[in-house]
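Would you be able to build a 3D model of this:
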Amino acid sequence: MKRIVLFVIGCYAALTIGAAGAYFTSQSSTAENIVRAGSVAISTEPTSAAINIDALAPGGTVTQSMTVVNTGNLPVSVVVTAAKKAGITDFWEALTCRVIVDGVAVYDGPLSSLRTTPVTMATGARMQFQFAVGLPATAGNELAGDYAKMTLYVDAEQVN
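The predicted model follows:
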């Protein structure tokens with residue numbers, strides 16, 4: 001019986017000594033790690049009066065351009081809308097507009113409802129938006145001498 005007790009004590013001692021041993025370790029580091037958020041920024045050329053038409057006649061259309069530049073560091077989706085700021089409402093509602101980007105029509109309808117389909121722009125890209133503004137041939141004398149003043153809004157959103 002003494003032998004069994006000594007054997008158990010010996011096993012316990014061997015396990016305890018083995019569990020108390022040290023393990024080899026190592027560590028390495030890389031310093032100065034930085035994570036930055038991207039940015040969405042656009043600009044337009046010209047910055048004002050992209051559409052400036054004098055003497056638009058019934059049945060006539062005038063095309064003028066505006067360049068949009070992606071100055072941020074993320075790709076963006078761009079939409080152009082318009083809002084009347086002054087002028088004669090009947091004239092504003094009679095105007096038509098067709099917007100073309102890279103040979104593709106992104107809007108065709110009343111200027112008063114302008115909202116282009118989204119156009120994707122890469123970082124640093126420049127795109128020319130061509131606005132063909134017209135007055136229907138059916139416009140009557142009641143619109144002669146009228147005007148509409150508007151603001152074009154160019155909205156950009158990060159591409160997901």
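
now the helices for this structure?
Counting by DSSP state H, the chain has helices at residues 2-19, 89-94.

If you average pLDDT over each of those, which is lowest?
When the helices of the chain are compared on mean pLDDT, helix 2-19 scores lowest, with a mean of 61.

gap between stretch 39-46 and the chain center?
Remark: stretch 39-46 is offset 10 Å from the chain centroid, using Cα atoms, centre = their mean, to the nearest Å.

Between the two ends of that stretch, how far is it?
22 Å (Cα to Cα, to the nearest Å).

Any buried residues in that stretch, and which?
For stretch 39-46, burial by neighbour count (16 or more other Cβ atoms under 10 Å) applies to 40, 42. C-betas here are computed from N, CA, C, even on glycine.

ok, now stretch 109-120?
For stretch 109-120, by 16+ other Cβ under 10 Å, it's 111, 112, 114, 116, 118, 119.

Also stretch 22-41?
Residues of stretch 22-41 classed as buried by neighbour count (16+ other Cβ under 10 Å): residue 40.

Give me the contacts around it.
70, 71, 72, 73, 74, 76, 156, 157, 158 (Cβ atoms under 8 Å, 6 or more residues apart in numbering).

let's see 10 Å
Around stretch 22-41, the neighbours that count as contacts under Cβ atoms under 10 Å, 6 or more residues apart in numbering are 69-77, 123, 156-159.

Compute the first-to-last residue distance for stretch 117-136.
23 Å.

Any buried residues in that stretch, and which?
By 16+ other Cβ under 10 Å, the buried positions in stretch 117-136 come out as 118, 119, 121, 125, 127, 129, 130, 131, 133, 134, 135.

Tell me the one of these nearest residue 58?
Nearest to residue 58 among those, counting by Cβ to Cβ, is residue 135 at 5.3 Å.
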